[in-house]
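>>> I would like to see how this sequence folds:
(one chain, ligands or ions: 1)
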Amino acid sequence: MAKAKRVFELAKELSVSSKAIVEKCKAEGVPGITNHMSTVKLGLAQTIREWFGEAESGTAIETAEKVDLKKARKPARRRRADADGGDQAEPSDTATATVDRPAQTDGDVDEQTDAAAAAVPQPNDQPSAPAAAAPTQEAPAAPVEEHAPQQPAAPAEPSAEQEPPAVAAEQSQPEAPDAPAAPEAPQAPVAGDETPAAAPPPGVAALGRPNVPDRPKIIAPAGQQLQKPKQATLKGPNVVRIEKPEPVRRPRQRRGPGAPGGPGGPEGGGGEFTPAGAVEGITRSRGPTRGGGVKGGGGGEPDAGQQRGKRRQQRNVRRGRSADALPTGPTKFSQADMEELDARLKGAPGFLKQRRRDMRKREQGHIAPRLAETGGKVEIAEPITIKSLSSATGIKTADIIKYLFKQGVMATINSAIDTEAAMEVALEYDIELEVREQQTAIDKLKEAFDKRERIDVRPRPPVATVLGHVDHGKTSLLDRIRKEDVAAHEAGGITQHIGAYRVTIEGSEGAEKTVVFLDTPGHEAFTSMRARGANMTDLVVLVVAADDGVMPQTIESINHAKAAGVPIIVALNKIDVPQATSDNIQKIYGQLAEHGLNPVEWGGETEVIKTSAEKGTGVTDLLEVLDYQAELLELTADFGGPAAGRVIEAEMQPGRGSVARVLVQSGQIKVGDFIVIGRAYGRVRDMTDDHGRQVLEAGPATPLEISGIDDLPDAGDGFYITTTLQAAEQAASQFREVERHQQLASKTKVTLDNFADQLKAGKTRELRVVLKADVQGSADVLRESLEKLGNNEVTVRVIHSAVGGITESDVLLADASEAIVIGFHVIATPTVREIAEEREVDIRLHRVIYDVTEEVTKALEGMLEPERKEEAVGSAEVREVFRISKVGAIAGCVVAEGSIQKSAKARIIRDGIVVTDERNLESLRRVKDDVREVRAGTECGIKLAGFDDVKIGDTIQCYNVIEIKRKLV
Ligand SMILES: Nc1nc2c(ncn2[C@@H]2O[C@H](COP(=O)(O)OP(=O)(O)OP(=O)(O)O)[C@@H](O)[C@H]2O)c(=O)[nH]1
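This is a model prediction of the structure:
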């Protein structure tokens, strides 16, 4: 690769003095050549060689005068004099080259010519053109500039004649029609150089100004000239250094193809492309191939493009941005552009900000299609919050909140709402909501457990719960069964915690009978667990003391067991006491039968086993009956695979941390297993059975106490063994998340006020009541009165009626059974009221029977589907239909009769046929105003929600729907 030379080296090569070269360069306006050590670039060196060489220059440089070598070799004084004399002519060479060079290097030949002659063939095509017709003077005029000064006076004609031969683009340039336009625009290169004398731009162009050649006669012949552009790019005067090629970028697309054309030519192409950061005075116009004028039809204001280009150029200069910093490609924006845009956006008023917000929301999926206006079907995942419902349906959150408020539900945007409420809201907008049940990791685990292949299915022992009135001997009986004195350890003799015991006895036929007992402090815990969906019990052992008979809590227990749908086996305890006479026993049988437990002895189906916890009488019989019942129930479990089960109780224990008492329901659990247990997870550290023994592995129907979990689960929570700790952790964290949402969700409980709504939602057809009265007589009368209410659509079911104040147990039963509590001449203690409030159980207290029945009747009437009656409001004729993009069809109407009301429903009648019905009015306008009502004889614009197929000649009927409450008959 040839290297740049020093002046003195070149001088030596040319056998001239360094000074001569320096002088010549100065005279030619070549910067940077100041002394003999100055570096001469390759192109310049070649030029200097030509200056000082013998040979004829084959490039544009030939238009400059040759250096008199003799003079050059003369003493400095003489040379200087010569140089002074030659100044007038020599600079013209430079000037020629100065402009010529960029045209070659930057493709500006095209730019300069294309405006004038878009169809002018490329130089390469010229040989094939009929060159004969080409005027020879012009053919050699490789440097456009040579002609530029000469031709402006008669720009068009010569070129018109000469174009057919397709002389080189350069040649026709001077004649180009755009030439005359250039003088006022310094950017125009061709003509710009002719007249700029009036306002010579500084810099390089100024240097070249006096050098504009006036001597076409020295122009080289055409044929040879065809080759010259190439040569010039390599060794022409140092044009490259003066006019750095600049990448000219396509303007931003938003300018569009229709940008006004500039002066480039008849087809436009304008200053739009003026390169930013161009050297002043040497700007270029782009031709039609790039100009917006071509695509967009051009013809815009001639200078508009240039002016924009200039402004951009100035802007860039102000920002200190070089042309190189501009981005490439048509779709990229420069940093400065982005900053500018940003600044504009920031300064813009709310519109743009709102747009940005909307865009963001749209990206996040918060803006849903306009379902709220059109109706339709939408899918939504649980848990549903007001926000997510709004996102999915497009219904405004405020509207949802308002609707719920009207239903008596206070909610905020982040409130979770139950599926029914969400569906109700959606239906208001004709939206069908398809709720995707949320499947958490724990749900998936459960599903996997439910669906897994059974490995070792065998009959399993039954799980029984002992219920009964206080002191009737529940613990003593269990104690007897287990042969362990649990009662002795109880504080105050009352069972303090839920325990589970697995008891195996030898039956009368020698076979082993195993039963798991859940020892609870009463039906509260039993019901509480049931309320949590944990119905672990297969059977209920109802303990009734033979000396006491059926007592209130006995009845409660019966009702709790019935509500749970669990078979009851009665243990008639304390059979050893003297009061346990035959008469008394028969009396108790009677009481039991009254409550639906007809003893087998009486021909019923309820097994009544006479037991004595004290003496151990009947205990084996009881166990055998339980075992027999389990057989009837065909209780089986898979004894293989990983374990699953439920929590009975959990507590913190010193030294062990969180401990859960669980009942294994299927599979095998081993020490070291990964476990998720409600909100807790961990690895089973140790396990103890109901006898306090450490076990390493256990199967179905085994009560266990396990440690190694990170938190306390709730009674009733399920547990599952997982393959990894991560799976357990994930399931637990999702459990917590769901729990959080459930806490936020407004639980809809049955009350007399909302029962109608629940009924409407198809949730229930019966009103369940827990009835408490001061005396049995009142309770019976009330029960009878209430159960008479209702018809074939709705019924009242008293699930529990008893004498006495409203207790926690009543509230729990009502909670678990979705019932209300009615108290007659009784009260609820503050504690009970608190619990009721907490569990959202409706308690109604009355002192007059009539009030009770009237209130329930009203509630039931509320439940009945109201009658729907239509009330005509008015009608309008469609005279015109305006279709507006993104809005739909607006019917231009004249109200024919009555009025059109925004709040009313509408239907469209076409040729006597109902085309659409029960449509809401999306908008009702009178001229430009939104109105609520338009009266007869008035014109209006109607947009129906979700319907755009309205046609001229249609009739829009408007009506209101009135709901009439029905009476119970
Ligand atoms: N004679 C006799 N006494 C019994 C029998 N069963 C229990 N008792 C006594 O009745 C009392 C109450 O017994 P518990 O076992 O504590 O009764 P409970 O139903 O568990 O009582 P709570 O835990 O308070 O609900 C104790 O004094 C027992 O000794 C029995 O079969 N015969």
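
>>> how about low-confidence regions in the stretch 401-550 of the chain?
Along the stretch 401-550 of the chain, the parts satisfying pLDDT under 70 run over 408, 438-441, 483-499, 505-510, 519-534.

>>> where exactly do the strands run in it?
416-417, 431-436, 457-459, 463-468, 499-506, 512-519, 539-545 (DSSP state E, counting those that start in this stretch).

>>> Which elements pack onto the last one?
Read that as strand 539-545. Identification of packing neighbours for strand 539-545 by 3 or more CB pairs under 8 Å, 6 or more residues apart in numbering; DSSP states H and E yields strand 463-468, helix 474-482, helix 552-564, strand 568-573, helix 619-633. All C-beta atoms are positioned from the backbone trio N, CA, C, and that covers glycine.

>>> so what's the residue in the stretch 801-950 of the chain positioned nearest to the ligand scoring on pLDDT?
Each residue of the stretch 801-950 of the chain has a distance to the ligand, by CB to the nearest ligand atom, and the smallest belongs to S809, at 12.4 Å. Reading off the per-residue confidence, S809 sits at a pLDDT of 83.

>>> I'd assumed E556 was in contact with it.
Yes - judged on CB atoms under 8 Å, S809 makes contact with E556 at a distance of 5.3 Å.

>>> Now do the contacts for G888.
By CB atoms under 8 Å, 6 or more residues apart in numbering, the residues touching G888 are 943, 948.

>>> partners of the longest strand along the chain, with directions?
Across the chain, the longest stretch assigned as strand under DSSP state E is strand 867-884. Under the criterion DSSP bridges, strand 867-884 sits next to strand 888-901 (antiparallel), strand 955-964 (antiparallel) in its sheet.

>>> Next, the buried residues of stretch 902-920.
Across stretch 902-920, burial judged by 16 or more other CB atoms under 10 Å covers 902, 904-908, 915-916, 919-920.

>>> Other residues contacting that stretch?
430, 873, 900, 921, 923-924, 930-933, 942, 944-947, 949-951, 953-961.

>>> Show me what the helix or strand where Q586 lies is packed up against.
Assigning secondary structure by DSSP states H and E places Q586 in helix 582-594. Under the contact criterion of 3+ CB pairs under 8 Å, 6+ apart, the helices and strands touching helix 582-594 comprise strand 568-573, strand 608-610.

>>> Check which helix or strand T916 maps to.
With elements delineated by DSSP H and E, T916 resides in strand 913-926, which encompasses its position.

>>> strand partners of that strand, parallel vs antiparallel please.
In the sheet containing strand 913-926, the strands it pairs with under DSSP bridges are strand 905-910 (antiparallel), strand 929-930 (antiparallel), strand 939-944 (antiparallel).

>>> Quick one: those as a markdown table, columns for mean pLDDT too.
Conversion of the strands paired with strand 913-926 to a markdown table gives the following (pLDDT from 0 to 100):
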| stretch | mean pLDDT |
| --- | --- |
| strand 905-910 | 90 |
| strand 929-930 | 90 |
| strand 939-944 | 93 |
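
>>> now those as JSON lines including distance to T688?
Converted to JSON lines, the strands paired with strand 913-926 look like this (distance: least, CB to CB, whole Å):
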{"stretch": "strand 905-910", "distance to T688": "68"}
{"stretch": "strand 929-930", "distance to T688": "73"}
{"stretch": "strand 939-944", "distance to T688": "71"}
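
>>> Same list, the ones you listed, but as a markdown table with distance to the ligand please.
As requested, the strands paired with strand 913-926 are exported to a markdown table (distance: least, CB to the nearest ligand atom, whole Å):
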| stretch | distance to the ligand |
| --- | --- |
| strand 905-910 | 61 |
| strand 929-930 | 70 |
| strand 939-944 | 68 |
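
>>> pretty sure V516 contacts V662?
No - judged on CB under 8 Å, V516 makes no contact with V662 at a distance of 11.9 Å.

>>> May I see the buried residues of the helix ranked longest in the chain?
Taking DSSP state H as the assignment, the helix of the chain that covers the most residues is helix 725-744. Under the neighbour-count criterion of 16+ other CB under 10 Å, helix 725-744 has 727-735, 738, 741 buried.

>>> shaky segments in the protein?
Checking the chain against pLDDT under 70 turns up 1-3, 54-375, 408, 438-441, 483-499, 505-510, 519-534, 739-764, 862-867, 965-969.

>>> nearest residue to I588 other than its sequence neighbours?
Counting by CB to CB, 6 or more residues apart in numbering, G549 is the residue found nearest to I588 once chain neighbours are left out, at 4.7 Å.

>>> check contacts around the one you found.
Contact criterion CB under 8 Å, 6+ apart gives 584, 587-588, 591 as the residues in contact with G549.

>>> What's the ChimeraX line that selects buried ones from these?
A single ChimeraX command suffices to select whichever of these are buried according to 16+ other CB under 10 Å:
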select :584,588,591
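
>>> Which ones among the contacts of G549 also lie next to the ligand?
When the contacts of G549 are checked against the ligand using CB under 6 Å from any ligand atom, none falls in range.

>>> can you redo the contacts of G549 as JSON lines with distance to V40?
Putting the contacts of G549 into JSON lines (distance: CB to CB, whole Å) gives the following:
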{"residue": "N584", "distance to V40": "134"}
{"residue": "K587", "distance to V40": "133"}
{"residue": "I588", "distance to V40": "128"}
{"residue": "Q591", "distance to V40": "126"}
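
>>> for the contacts of G549, which one is nearest A4?
Nearest to A4 among the contacts of G549, counting by CB to CB, is Q591 at 121.6 Å.

>>> so that closest one makes contact with D548?
No - using CB under 8 Å, Q591 makes no contact with D548, being 10.5 Å away.

>>> Tell me how many other residues crowd the closest residue to G618 other than its chain neighbours.
Ranked by CB to CB, 6+ apart and with sequence neighbours excluded, the top spatial neighbour of G618 is T611, at 3.8 Å. The local packing of T611 (other CB atoms under 10 Å) involves 29 other residues.

>>> Could I get the contacting residues of T611?
Residues in contact with T611 (CB under 8 Å, 6+ apart) are 477, 571-573, 575, 617-619, 621-622.

>>> now do 10 Å
Contacts for T611 (CB atoms under 10 Å, 6 or more residues apart in numbering) come out as 473, 476-477, 480-481, 541, 543, 546, 570-576, 617-622.
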